[in-house]
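Q: Okay, predicted coordinates and the sequence, questions at the end:
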Amino acid sequence: MNRAPLLEVRNLTKHFPIQGGILGRSTAKVHAVNRISFAIDRGETVAIVGESGCGKSTVGKAILRLFDLTDGEVLLDGQRIDNLPTRTLRPLRRKVQVVFQDPFSSLNPRLRVRDILAEPIRNFGLATSARDLEKRLAALMEKVRLPVDSLGRWPHEFSGGQRQRIGIARALAAEPDLIICDEAVSALDVSVKAQIVNLLQDLQRDLGLALLFISHDLAIVEHIAQRIVVMYLGRIVEQADKRALFLSPSHPYTEALLSAVPVPDPTVVSRRIILNGDVPSPVKLPPGCFFHTRCPHAVARCRAEAPELLEIAPRQFSACHLRPAMALHAA
Amino acid sequence: MPVLEIENLQTHFRTADGINRAVDGLTLKIEPGQTLAVVGESGCGKSVTAMSVLRLLPDPPGRIAGSIRFMGRDLLAMSEAQMREIRGNEIAMIFQEPMTSLNPVLTVGWQISEAILLHQNLDKAAARSRAVEMLALVGIPEPERRVNDYPHQLSGGMRQRVMIATALACHPKLLIADEPTTALDVTVQAQILDLMRDLKQRVGAAIMLITHDLGVVAEVAEHVVVMYAGRKVEEAPVRELFGNPRHPYTRGLLGAVPRLGSSLNEAASQTRLAEIPGLVMSLKKRIEGCVFAGRCAQATDVCKRVSPALRLAADQHIVACHYVEVEEVRA
């Protein structure tokens, strides 16, 4: 068997130029993602969490090659895909599919459900005959638990949760190995959100799918992911398995993020770490550790020197000067 | 005397394909200084209730019937001029989206002063210094300088603080907050919730908090009304509601919320969320029986035929369900 992870991201960097002046010259850069690395195994769920503007969606789009990278590599099954010409990349696109946040704008309103789902099947030449196509369409509807006889209906005839099911069916139609869920349940109501989360988990188990779950909702992430990447201002501040991250978070930002989640239990007294101020601008990044402007523990070194992402416990990586790396512990 | 008393409120909209019964017979009251949460999913009528109190719904198509009494005065009988005296003065509102609810071409100081100049007998200089005072109250650093800023110069969290400052500028007796933290990031949400709790003690206004987030309810509210399909299905003090939910919908909702830490102790790597099957029914048909019957696992024949009355199930705990025992009343 292939030992390489299903997907590997190495030093991924994406900067967007800001054009200004009458000549439209690039005047500054938005440092959306700065040298991040992580991997996803077959059948695994990895979550990227962080607040608005931390670069988590940019990572998803970069993997999908919706734009070119500024620097770094993306490997699928051990093969670099970030530098492939479009023609060679095209068949590989089948393996990585996406479900977007807004089920109202991510389905073409002028296509019937049947045509929405048939498009990827035709694109990648998956159906052997017209009968096979019909069989596939019916099977997809069953997988996402929508009535097969609604294939002829239009997107506007469905509710938000049902549309998100159609979005998932469309992603499944290409028979992918990995689905990127970019805030796929964020726009849904509580009771519907639970339905979709359960559906994703069932599909993953039955089909052996890997998921990259991009979300700001930590409670959902804890529920669905095995491994978690925490991003802040385009960098990874912590990366760990679920239990380690939620039970013994090592980075001050992870701690604050976890403590900020409102607990649906009025008897719990909140021990909240309130962060001061706002996230700095990704155009003018602060020197040293990006988090030092809001960190309650910051010392002089944090303002001057950027911390490396180091393994502080087995499979737990943290970018903080105040957490000694594992090697130091052993010494 | 309660600050707000709503009795049998019916807010209906005439649409091309029938009457939409957005709010259908809602009764609630808010005592001075109390924080009442109105909780429910999209389309349950919670925002329409807020808009009805302030009479901000155009008629036609909106039609408000029933009674809304504010400090004993009937709001529905007032003239438009009388309502203008109340809006922004005695009843203030915080909207969800701080970007779209502030005027982008006016300074924040101007927007806070506007309400003060309209309703209080103060000159421009006094209104301006009150605006600075309000900005300091809501925790904006350097208020003397920030008072001249335009909304785009402020971050999302700061804008929401400005919204709160504007709302509190005339010392309202009732503050209606419609999803005040929904558009904010989790660490900023924590700041705003902290501010709201702090201000509640210092300002003493009664608050009607409209939200779908049970975590926010548990943290801020004292009393809770659960709405479903335009009707109140349950009402109780916050600890009683979370500790002892009676209505199948409330139970479903509480079960569907993922909680931090809930999936860490299970031997199995993944647990399932409790889901509420099905969808909210159309509000355009007159509902004969219980509004929740179509999605309720316990529903029987009587639920589909007879609308359950609101009954007292325990002290201050009201529920609309045929199958909730009420023997223990005042035991």
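A: Arrived safely. In this text, all values refer to a predicted model and were calculated from it rather than measured experimentally. Numbers count the residues shown, from 1 in each chain, chains lettered A, B, ... in the order given.

Q: which residues of chain B score low on pLDDT?
A: Chain B contains residues with pLDDT under 70 at B:266-270, B:326-331.

Q: I'd like to check what contacts the strand or helix carrying residue A:240. Which residues are they?
A: With elements taken from DSSP states H and E, the one containing residue A:240 is strand A:235-241. Contacts with strand A:235-241, where a contact means C-beta atoms under 8 Å, 6 or more residues apart in numbering or on different chains, come from A:34-38, A:226-231, A:245, A:249-251, A:253-254, A:290-291, A:309, A:313, A:315-320. Every residue, glycine included, has its C-beta placed from N, CA and C.

Q: Apply 7 Å and report the result again.
A: A:34, A:36, A:38, A:226-231, A:245, A:249-251, A:253-254, A:290-291, A:309, A:315-319 (C-beta atoms under 7 Å, 6 or more residues apart in numbering or on different chains).

Q: That strand: partners in the sheet, and parallel or antiparallel?
A: strand A:227-232 (antiparallel), strand A:316-318 (antiparallel) (DSSP bridges).

Q: among the contacts of strand A:235-241, which ones are buried?
A: The neighbour-count test (16 or more other C-beta atoms under 10 Å in any protein chain shown) marks A:34, A:36, A:38, A:226-231, A:245, A:249-251, A:253-254, A:290-291, A:309, A:316-319 as buried among those.

Q: about what we covered before: columns mean pLDDT on top of the strands paired with strand A:235-241, output as TSV?
A: Converted to TSV, the strands paired with strand A:235-241 look like this (pLDDT from 0 to 100):
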stretch	mean pLDDT
strand A:227-232	96
strand A:316-318	95
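
Q: closest one to residue B:231 among those strands?
A: The closest of the strands paired with strand A:235-241 to residue B:231 is strand A:227-232. By C-beta to C-beta, the value is 40.1 Å.

Q: quick one: that closest one to chain centroid distance?
A: 9 Å (C-alpha atoms, centre = their mean, to the nearest Å).

Q: Need the residues that contact it.
A: A:38, A:44, A:46-50, A:54-56, A:221, A:236-242, A:245, A:251, A:253-254, A:257, A:290-291.

Q: Now, the residues you listed that are in helices?
A: A:56, A:221, A:242, A:245, A:253-254, A:257 (DSSP state H).

Q: And the contacts of stretch B:36-55?
A: Counting by C-beta under 7 Å, 6+ apart, A:189-191, B:4, B:9, B:11, B:22-23, B:26, B:28, B:30, B:57, B:64, B:68, B:75, B:83, B:87, B:91, B:93, B:176, B:178, B:208-212, B:214, B:217, B:221, B:223-230, B:280 sit against stretch B:36-55.

Q: measure stretch A:244-253 end to end?
A: 15 Å (C-alpha to C-alpha, to the nearest Å).

Q: Surely residue A:311 forms part of a strand?
A: Yes: under DSSP: H, G, I helix; E, B strand; the rest coil, residue A:311 sits within a strand.

Q: Residue A:159 versus the closest residue to residue A:189 other than its chain neighbours, what's the distance?
A: Nearest residue to residue A:189 in three dimensions, chain neighbours excluded: residue B:41, at 4.0 Å (C-beta to C-beta, 6 or more residues apart in numbering or on different chains). As judged by C-beta to C-beta, to the nearest Å, residue B:41 and residue A:159 stand 11 Å apart.

Q: Who has more neighbours out of the two?
A: residue B:41 (21 against 16; other C-beta atoms under 10 Å in any protein chain shown).

Q: Find the helix or strand that that one is a member of.
A: Per DSSP H and E, there is no helix or strand for residue B:41.

Q: With residue B:253 instead?
A: Going by DSSP H and E, residue B:253 is in helix B:248-256.

Q: Any part of that helix near chain A?
A: Yes: contact of helix B:248-256 with chain A (C-beta under 7 Å from any C-beta of the partner chain) involves B:252-254, B:256.

Q: Show me which of those is closest to chain A.
A: Checking these against chain A with C-beta to the nearest C-beta, the nearest one is residue B:256 at 3.9 Å.

Q: What's the local residue count around the nearest residue to the closest one once chain neighbours are set aside?
A: Among residues not flanking residue B:256 along the chain, residue A:194 sits closest, at 3.9 Å (C-beta to C-beta, 6+ apart). When counting by other C-beta under 10 Å, one arrives at 26 neighbours for residue A:194.

Q: ok, now residue A:280?
A: 17.

Q: Please look at it and residue A:289 and confirm they touch.
A: No: counting by C-beta atoms under 7 Å, residue A:280 does not reach residue A:289; the two are 11.3 Å apart.

Q: Filter the contacts of stretch B:36-55 down to the buried ones, PyMOL style.
A: One line in PyMOL is enough to select the buried members of the contacts of stretch B:36-55, burial here meaning 16+ other C-beta under 10 Å:
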select buried, (chain A and resi 189+190+191) or (chain B and resi 4+9+11+22+23+26+28+30+57+64+68+75+87+91+93+176+178+208+209+210+211+212+214+217+221+223+224+225+226+227+228+229+230+280)
